[in-house]
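# With the input below, show me the fold.
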Amino acid sequence: MTRIGLTLALIVAAAPAPARDLFVDHLSGYTVEAEILNAPNCAGPVFDLPGLENFEKGICVFHRPARSTEDTERAISLLDQAQIGGLPAVHQQFATLLTGLAHCGLADRHLEAYRASGNQDSLSRALMCRDRRRAQAELNAIRWNHALFEYGEGLTPELSLNARLTEMSACQAGVLNADFDAECGLLTDLSEAEINAFVDEAVDVVIERYFAGVESPITAMFSRKLGRAEGLLESARGNIDALAGEAEDVNGQYAAFNTAYEDARDSKMAPIYEAYREAILRATSILDEFDRWKDGLFINALNVNLLPKIVERSGELEEELARVEELGFRTTAEALTGDVRRIINSDAELRAAQAQLCRVYFCELTSRRAIPNTIRACRRPSLAGNPLCVGTDGTLRDGALSVDFDGPQSVSVEDLCRGAGLDPAFTVLDMSPATSATCLGALP
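I've put the predicted structure just below:
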């Protein structure tokens, strides 16, 4: 596993970056470069990105060979300061991963000291449990869908993402194993019988203290509540009788209003019903007249009904149709019309296909959201002369499509797409998300 996250699939691929670029401090990813890891004493001008000095110094200290306890604590301190100061999402996840692994390393060392003392050194056990909790909290806080970090090319296997993930797996199987929960005073995996025994004992104590005997506070409380409830019941009965009388008056008023409403409703609905009934009758008459007109379509000017003759000749028509189909006239005619249609529409189909490809290129691959990945993909040496590639300055490196057809021909990518009917507003690089969505919305 060499990369966590999503990688844009393109028709072009990326060449290695000659120096630190916008991917070092960018929301879409972070790459640990060799110059950061090899900085003397983890200091110097290489740590020049504003807001990321502590972050990258912490990375450098963490990756020191044979890292000492002091180095581990310093790496944790630097990464904590970087996180408090605020980091992009990708950097935050990488800092969290390294901090969790550093705490795990400290917990391992305290555990070794505790075991070396014959399990008598309480301070070592307390420090082990503290760093164990911190390591678990850091590793659990990683949001892997934002963990788009990786190591640069040409580094040793120890300086790779695989090494960090292996270290995390060893941590989970080591000091973070649930077997150490009891060692640190955590109760886990209690049996159902043990849980029931705890609950029964607690219930017995509560009943004995608060419920048993007439002198218990619960009994006195219930006595007071009983007297209060009896008083409230008597008062409620009086209120209910009063409400019943008021409800009778309201019901009488409702009945009077409802009668007036029904009279007004019926006076308005009767004309509507009559108009609807008349419309139905008229529509039925029109449909009957249409059926009579349809039946007379086959009667000619001499009042001769041609329908029987058509029925009589239907057999001959079917035989002729079978003969035409057997000889392949129909298939040949349909193929001919299809060829003619394709010849007529070939230019339009070509323009439509070009317009679709241009929308995918300009509105998706070179939009503001995706252009960093396109720039990165275009760095591969094999794509040095690709006219669709974008340089590190965010502009087309060539942009001229050339072909030798009846002599050299050349056209720019923008002119080709505009000639295919694409609006000039959609043939620009680095378009905003809103413009990109509008452009892609018109894609067939």
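
# can you count the residues close to residue 44?
Neighbour count for residue 44, taken as other Cβ atoms under 10 Å: 12. Using the backbone N, CA and C atoms, a C-beta is placed for each residue, glycine as well.

# Quickly find the element holding it.
Using DSSP states H and E, residue 44 sits within no helix or strand.

# ditto for residue 54
helix 53-62.

# And the average pLDDT for that helix is what?
Taken as a whole, helix 53-62 carries a mean pLDDT of 91.

# same question, stretch 366-384
On average, stretch 366-384 scores 87.

# phi, psi of the residue nearest to residue 299 when sequence neighbours are not counted?
Among residues not flanking residue 299 along the chain, residue 305 sits closest, at 5.2 Å (Cβ to Cβ, 6 or more residues apart in numbering). Phi and psi for residue 305, reported as degrees, to the nearest 10, are phi -80, psi 120.

# Likewise for the one 10 residues further on?
Main-chain torsions, residue 315, degrees, to the nearest 10: phi -60, psi -40.

# Same check on residue 403?
Main-chain torsions, residue 403, degrees, to the nearest 10: phi -150, psi 150.

# quick one: secondary structure of the spatially closest residue to it that is not a sequence neighbour?
Spatially, and ignoring its direct neighbours in sequence, residue 403 is nearest to residue 409 (5.2 Å; Cβ to Cβ, 6+ apart). With DSSP: H, G, I helix; E, B strand; the rest coil as the basis, the three-state label of residue 409 is strand.

# How many residues are close by residue 409?
Residue 409 is flanked by 10 other residues according to other Cβ under 10 Å.

# and the nearest residue to residue 306 once chain neighbours are set aside, what is it in contact with?
Nearest residue to residue 306 in three dimensions, chain neighbours excluded: residue 298, at 4.7 Å (Cβ to Cβ, 6+ apart). When contacts are counted by Cβ atoms under 8 Å, 6 or more residues apart in numbering, residue 298 touches 305-307, 310.

# how far away is residue 298 from residue 321?
Remark: distance between residue 298 and residue 321 (Cβ to Cβ, to the nearest Å) = 21 Å.

# And for residue 360?
Note on residue 360: its distance to residue 321, by Cβ to Cβ, is 47 Å.

# who's more crowded, those two?
residue 360 (15 against 11).

# Give me the helices and strands touching the helix or strand in which residue 171 is found, please.
Here residue 171 sits within helix 161-173, counting by DSSP H and E. In terms of contacts (3 or more Cβ pairs under 8 Å, 6 or more residues apart in numbering; DSSP states H and E), helix 161-173 is packed against helix 89-116, helix 122-140, strand 149-151.

# Point out the one among the ones you listed that comes closest to residue 177.
Comparison of the helices and strands packed on helix 161-173 against residue 177 by Cβ to Cβ identifies helix 122-140 as nearest, at 9.8 Å.

# Give the rounded mean pLDDT of that closest one.
Average pLDDT, helix 122-140: 91.

# Enumerate the positions of it that are buried.
Across helix 122-140, burial judged by 16 or more other Cβ atoms under 10 Å covers 124-125, 127-129, 131-132, 134-136, 138-139.

# What number of residues are in the vicinity of residue 165?
Residues near residue 165, counting by other Cβ under 10 Å: 13.

# circling back to that earlier point, can I get the helix holding residue 171 in CSV, CA atoms only?
Coordinates of each C-alpha in helix 161-173 appear next as CSV, following Å, rounded to 0.1, in the frame of the first residue of the first chain:
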residue,chain,number,x,y,z
LEU,A,161,4.1,4.7,4.1
ASN,A,162,4.2,0.9,4.3
ALA,A,163,6.7,1.2,7.2
ARG,A,164,4.3,3.5,9.1
LEU,A,165,1.3,1.3,8.5
THR,A,166,3.3,-1.8,9.7
GLU,A,167,4.4,0.2,12.8
MET,A,168,0.7,1.1,13.5
SER,A,169,-0.3,-2.6,13.1
ALA,A,170,2.5,-3.6,15.5
CYS,A,171,1.2,-1.0,18.0
GLN,A,172,-2.3,-2.3,17.8
ALA,A,173,-1.1,-5.8,18.4
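
# Where does the prediction get shaky in this protein?
Low-confidence segments of the chain (pLDDT under 70): 1-27, 186-191, 194-195, 198, 205-206, 208-216, 344.

# Please enumerate the helices of it.
Secondary structure of the chain (DSSP state H): helices located at 34-37, 53-62, 69-85, 89-116, 122-140, 161-173, 192-210, 217-295, 307-327, 329-359, 371-377, 413-419, 433-441.

# follow-up on the earlier one: what's the spacing between the residue nearest to residue 299 and residue 294?
For residue 305 relative to residue 294 (Cβ to Cβ), the value is 13 Å.

# Neighbour count: the two, which is higher?
Higher neighbour count among residue 305 and residue 294: residue 305, with 12 against 9, using other Cβ under 10 Å.

# measure the more buried one to residue 388 for me?
71 Å.

# Count the neighbours of residue 284 for me.
Based on other Cβ under 10 Å, the number of other residues close to residue 284 is 10.

# before we move on, what about residue 46?
17.

# Now it. Its backbone dihedrals?
Dihedral angles (degrees, to the nearest 10) for residue 46: phi -70, psi -20.

# Do I have it right that it meets residue 34?
No: look at residue 46 against residue 34 with Cβ atoms under 8 Å: they stay out of range, at 10.3 Å.

# Quickly note the distance from residue 87 to residue 30.
Counting by Cβ to Cβ, the gap from residue 87 to residue 30 is 10 Å.

# do residue 367 as well
From residue 367 over to residue 30 (counting by Cβ to Cβ), the distance is 22 Å.

# ok, these two, which is more surrounded?
Neighbour count, other Cβ under 10 Å: between residue 367 and residue 30, residue 30 has more, with 27 against 22.
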